[in-house]
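> What follows is a predicted structure for the sequence shown.
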Amino acid sequence: MSPLDRLPSDRGRASEWLEHHALVAVTLGTAVVLVVMLYLPAGVVFSEAFVDDGLPTLGHFTDVLTDPFYFGILADVFAEPLAIGTHLGSLAAWVGAVSISLSVGYPIPGLDVPVPWIGIDTPGVRKGLFGFTAYQAALSTIASVALGLPAAYVLANYEFYGRQTLRSLTILPFVLPGIMVAVGFYAMFGRTGTLNSLLGAVGLGPFAFIEANPLAIVILAHAFYNAPLVARLTVTAWEAVDARTVETARSLGASERRAFRDVVVPQLAPAVLTGALLTFIFTFMTFPIVLALGGLQLATVEVWIYDRIQQLDYAEAATLAVLETILSLGLTYAYLRYESAQTGFARAPSPPSKERLIPDLRTALSLRRLAIFGYGLVALLLFVGPMASLVVGSFTDGSGFTLRNYAFLLERQLEGASFQTQPWPAVRNSLLFGVATLLVAVPMGVVISVVTVRAGRRGRIVDTLAMLPLAVSGVVFGIGLLQGLVFGISLPGGWRFQVTGAVAIVVAHAVAAYPFVTRNVSPLLGSLDPAMVESARALGASRTRAMLDIELPLVANGIVAGAAFAFAISVGEFSSTVILASGSESYTMPVAVERYLGRRSGPAIAMGTLLLIVTAASFVVIDRVGGRYEL
Amino acid sequence: MNHQRRTFIGTVGSVAALGLAGCLTREDDANGSSDADPEPEDPDLEGTLTVVTYESMIDGENPAGPWLKDAFEDEYPDAELEWVQLPNQGIGHYIEQARGNQEIDADVYVGLNIDDLVSVDDHLDDGGLFRELNEDRIDRSSRIRDGLDMGDPHDRVLAYDTGYISLVYDENVVDEPETFDDLTDPAYEDELLAQNAQTSDPGQAFLLWTIDAYGEDGYLDYWQDLEDNGVRVLEDWTESYYGAYMNEERSMVVSYSTDQVFATDEGHDLSRHQVAFPNGQGYANPEGMAIFEDADTVDLAYEFLDFVLSNEAQAEIAQRNVQFPAVEDEYVDLDDEFDRYAHVPPEAVTVGYDDLRGNLDSWVDDWGREFASH
């Protein structure tokens, strides 16, 4: 036999071997990446919470849990958990002092619009830093879901010019550095901001939108980040709804509303709740947007972690961070229990057909259409407004229109020294890292979905732990990377284990990004009929073959959505990148924004605008390319 | 102009100073200051000098860093100056490296603040990380203004420039606040923007300024009054200035006394950029330079420190970084434009090393907890 003849059968055997072991190999690879890039750095810092002067202790936890500054009235309960009588007594006294009244309020600043207002007057409860953090996160979650769902409804059910592009761009707020969001919000809602200029043109205002209620502005800024997340997750699920189930329900006599409630809602609920869960976790660990817009009175736990780290007090920082993580993972576990109970029997998504948004003038004036346009206006103000104001700001200074900020970028690109940060390498690195992250994170995320989705309780625990990247304080993770990977760990024999540079950045991004792939894919995978995979296996297909040929095509929407998130996470990531890129040429666009921030904000805002444009273009391309694989 | 450094009066302050003196004696016994880096007969002026500095020295608009590199290399043709950007964690990065007994591959640090030194000494051995300087080797060190002695008992640092924290206000809305007490007056209700002392340099400077004014027993009461009068404490300078102040959310912001240099440059109306020095003071934030303990090119590093204090370098650093020179007026020529818009306070105050040592963290903590109590 000539070598040429042998080749195909070898290749066949190799691919057969690969097919049988691919799932195991990718799983192992995922595990190694997680150990090195997640558990090691997080563990390095977390361990400080359990050690005092080299001895194991839980003293740090006792200190934090019984400190009213952190836990408010709960601190008393933690201090004396057994004094139940006393605690019940104070609870009863509190309930007794609650009074409810009905009055008329004027909640819209500057407008005398009376609104019936139910006043619940409660005696002050000391919430503590954790209590307040949870409170603002809960409000932010409600706002994000309320603002995200209508967007998902419109994008999934109506056809209009630019729908596909708009759907691609919903993810854009995700990549904006916090400082840019803050400056954008001031430029949009400030007393001399864009909105007041518009209102001033029709003789209204100016209104002090930000000063009137700083907490409300912070919550809106959180919604700016997270409502698109909720929308994106929900649209993906909505487009995967099996429309035939709706038709069946209708043919059996269910009203449109009833069919929606009983058939569509259960298929959307996992996605909506995933969005809510992620929003809560993100806004619980929010930083630095609360202080940038709201002020120190609205400080959250993460602010204190940052402060402790700055003072090199790692024990207290780690203790606070461990408590944050326990809370986030606890919520995640509770949610996953719910999600796995939703296993359905959808065979194949057959998305509902889209109605035209404006078929004719008469329909355009219907109540539902007007409500949609109203929502569109709100979305325009809240989401487009800050970004557009930022772009306008990059072209203006005290004397009007200027190009000097872009001249700075150009000059730096053309004449910058090697030790200076240049725009093009930042753009190039961001795109390269984004694509590489996507290529690493998608297999990781999919494998974790496949391995855990039907593995019962054990799978749920693995799945919960796999969400760790979202549940670890970003500040603490950054320090862990520095101490564990950049400075390195001493090994016996004089070796030192160090990881830095471009590869480390990509892997760190992939670790931060794969949970989004998993959370997009798992609900869809869970709703597939397990009998399909079982039949394929019974007919002799390997597990990998069954996954590639049957499961993955049916959850393609989720994979594409997850890939877009992975790209977005990579492009927007700052805190790990800035540490791993230190002293190298591997800086990205958000790092460049930070480095250009000086006494004049113009150069940084111009760089932020460049970041917006590059990312927007990339998302459109990703969705167009990915759209070919969607159903 | 009077650049007198005020000593901070407070009971704990003097206790800390006493404790410090005790440490100092031991240090001196082991390592007399006269032994610090004796002048070599034949200094080695070849090789690469690695200098760590903060972002705006090399990466901002029209920074001084590239100029310094070129000029220094012209003067020392066998030397190369390599700028390294200060890692994100600032001085903490080097403290961590020193704690882990790792080699630090930098020779000079440019941009050291007094509180950085305090942090070094709180977490490492007293007088650690940087070399004790032999000032006889830096001829121009005698040109530094008296007020800018950074007060390091271990003589590790020399100031190369300074900024002054002041208030910037809109004269169309409020009158110039003349004292700190004025800021608690109803006329200034909901008008002041400040920054978080935990995260922001000007924020911390402003807090220390109030501690200087009211003492460590009185500053929290003063801040309570400020809070009652509606002060807003934002994350950092950029949000408070470019976010809130420039969008006219409020009419007063804690900022720098060089504000008008930028306002003129950007074409803004100066009526919104008036500089106020309450109590006739500004808070001085001198920036210093130091040589790392295990620097490779020590001789070159000494030459660099001397070079930074030369006439031309002082003028370039001041004007490009928009800070004030560290040397006396006769040793530096500044443009008239700079003199006109960069304001120097009648009296400069600063809380020195001795008072910060052992107190800074708890002052900031107590303040932060009072503000963020829910």
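Looks like it arrived, so ask away.

> contact partners of the helix or strand containing B:Glu303?
Using DSSP states H and E, B:Glu303 maps to helix B:298-308. Residues outside helix B:298-308 that contact it (CB atoms under 8 Å, 6 or more residues apart in numbering or on different chains) are B:37, B:40, B:43-47, B:49, B:51, B:68, B:71-72, B:75-76, B:79, B:81, B:107-108, B:110, B:131, B:133-134, B:137-141, B:158, B:160, B:289, B:291, B:295, B:313-314, B:317. For every residue, glycine as well, the C-beta is placed using N, CA and C.

> mind redoing it with 7 Å?
Residues from elsewhere that reach helix B:298-308, judged by CB atoms under 7 Å, 6 or more residues apart in numbering or on different chains: B:37, B:40, B:43-45, B:47, B:49, B:72, B:75-76, B:79, B:107-108, B:137-140, B:158, B:160, B:289, B:291, B:295, B:313.

> is it fair to say A:Val499 lies in a helix?
No - counting by DSSP: H, G, I helix; E, B strand; the rest coil, A:Val499 is not part of a helix but coil.

> Up against chain A, what does the stretch 151-300 of chain B have?
Counting by CB under 7 Å from any CB of the partner chain, the positions of the stretch 151-300 of chain B adjacent to chain A are B:196, B:198-199, B:232-235, B:238-239, B:242-244, B:247-249, B:262, B:266-268.

> Apply 8 Å and report the result again.
B:190, B:196, B:198-199, B:232-236, B:238-239, B:242-244, B:246-250, B:256, B:262-263, B:265-269 (CB under 8 Å from any CB of the partner chain).

> Helices - which of the residues you listed land there?
If you go by DSSP state H, those have B:Thr238, B:Phe262, B:Ala263, B:Asp265 in helices.

> Report the buried residues of stretch A:24-43.
A:Val26, A:Thr27, A:Thr30, A:Val33, A:Leu34, A:Val36, A:Met37, A:Leu38, A:Tyr39, A:Leu40, A:Pro41, A:Ala42 (16 or more other CB atoms under 10 Å in any protein chain shown).

> filter those residues down to the ones close to chain B.
Restricting the buried residues of stretch A:24-43 to those touching chain B (CB under 8 Å from any CB) yields no residues.

> which one of these is nearest chain B?
Closest to chain B out of the buried residues of stretch A:24-43 is A:Pro41 (13.9 Å), distances taken as CB to the nearest CB.

> The closest one touches A:Phe477, doesn't it?
Yes - look at A:Pro41 against A:Phe477 with CB atoms under 8 Å: they come within range, at 6.2 Å.

> So what does B:Ala187 have for phi and psi?
Note on B:Ala187: its backbone torsions stand at phi -60, psi -20 [degrees, to the nearest 10].

> For it, list the residues it contacts.
B:Ala187 makes contacts with B:Val174, B:Asp175, as judged by CB under 8 Å, 6+ apart.

> how near is it to chain A?
17 Å (CB to the nearest CB, to the nearest Å).

> Not counting sequence-adjacent ones, nearest residue to A:Leu466?
I think there's a mix-up here, since residue A:466 is Ala and not Leu. With CB to CB, 6 or more residues apart in numbering or on different chains as the criterion, A:Ala466 has its nearest non-adjacent residue at 4.9 Å, and that residue is A:Ile448.

> element containing that neighbour?
Secondary structure assignment for A:Ile448, by DSSP H and E: helix A:423-452.

> pLDDT (mean, whole number) over that helix?
The average pLDDT within helix A:423-452 is 94.

> from the ones in helices among the residues of the stretch 151-300 of chain B next to chain A, which single one is nearest B:Ala372?
Closest approach between these and B:Ala372, by CB to CB: B:Thr238, at 20.8 Å.

> what about the closest one, neighbour count?
Neighbours of B:Thr238 under the rule other CB atoms under 10 Å in any protein chain shown: 20.

> B:Pro66 too?
There are 18 residues near B:Pro66, going by other CB under 10 Å.

> ok, and the closest non-adjacent residue to it?
Taking CB to CB, 6+ apart, and ignoring the residues beside it in sequence, B:Pro66 has A:Ala417 as its nearest neighbour in space, at 5.5 Å.

> next one: B:Leu129
Leaving aside its sequence neighbours, B:Leu129 sits nearest to B:Val120 (CB to CB, 6+ apart; 4.8 Å).

> hang on, isn't that neighbour packed against B:Asn113?
No - the criterion here is CB under 8 Å, and B:Val120 misses it with B:Asn113 at 10.9 Å.

> Between those two, which has more neighbouring residues?
Neighbours per residue (other CB under 10 Å) separate B:Val120 from B:Asn113, with B:Val120 holding more: 25 against 20.

> what helix or strand is that one on?
Residue-wise, B:Val120 maps onto helix B:114-123 under DSSP H and E.

> Pass me the low-pLDDT residue ranges in the stretch 451-600 of chain A, would you?
Of all residues in the stretch 451-600 of chain A, none has pLDDT under 70.

> Show me what counts as buried in the helix or strand where A:Phe408 lies.
Take DSSP H and E as the rule and A:Phe408 turns out to sit in helix A:404-415. Residues of helix A:404-415 classed as buried: A:Arg404, A:Asn405, A:Tyr406, A:Phe408, A:Leu409, A:Arg412 (neighbour count, 16+ other CB under 10 Å).

> Just after the helix holding B:Glu303, pick out the following helix or strand.
helix B:311-321.

> From the chain's centroid, how far away is that following helix?
Relative to the centre of its chain, helix B:311-321 is centred 16 Å away, using CA atoms, centre = their mean, to the nearest Å.

> Pairing partners for the helix or strand that that helix is followed by, with directions?
On the C-terminal side of helix B:311-321, the closest following helix or strand by DSSP H and E is strand B:324-325. Looking at strand B:324-325 with DSSP bridges, its partner strands are strand B:158-169 (antiparallel).

> Quick check: mean pLDDT of stretch A:79-98?
79.

> in it, what's buried?
A:His87.

> Assumed B:Leu334 was part of a helix.
No - counting by three-state DSSP, B:Leu334 is not part of a helix but coil.

> Surely it and B:Glu316 touch.
No - judged on CB under 8 Å, B:Leu334 makes no contact with B:Glu316 at a distance of 10.3 Å.

> More neighbours: which of the two?
Between B:Leu334 and B:Glu316, counted using other CB under 10 Å, the more crowded position is B:Glu316 (18 against 15).

> Look up the pLDDT of the more buried one for me, please.
pLDDT at B:Glu316 comes out at 95.

> for the residue nearest to it when sequence neighbours are not counted, helix, strand, or coil?
Take B:Glu316 and drop its neighbours on the chain: the residue closest to it by CB to CB, 6+ apart is B:Trp67, 5.2 Å away. Judged by three-state DSSP, the three-state class of B:Trp67 is helix.

> dump the residue contacts of the residue in the stretch 101-250 of chain A that chain B sits nearest to.
Evaluated by CB to the nearest CB, the stretch 101-250 of chain A has A:Gly190 as its residue closest to chain B, separated by 2.8 Å. When contacts are counted by CB under 8 Å, 6+ apart, A:Gly190 touches A:Asn196, A:Phe209, A:Ile210, B:Gly243, B:Ala244, B:Asn247, B:Glu248, B:Glu249.
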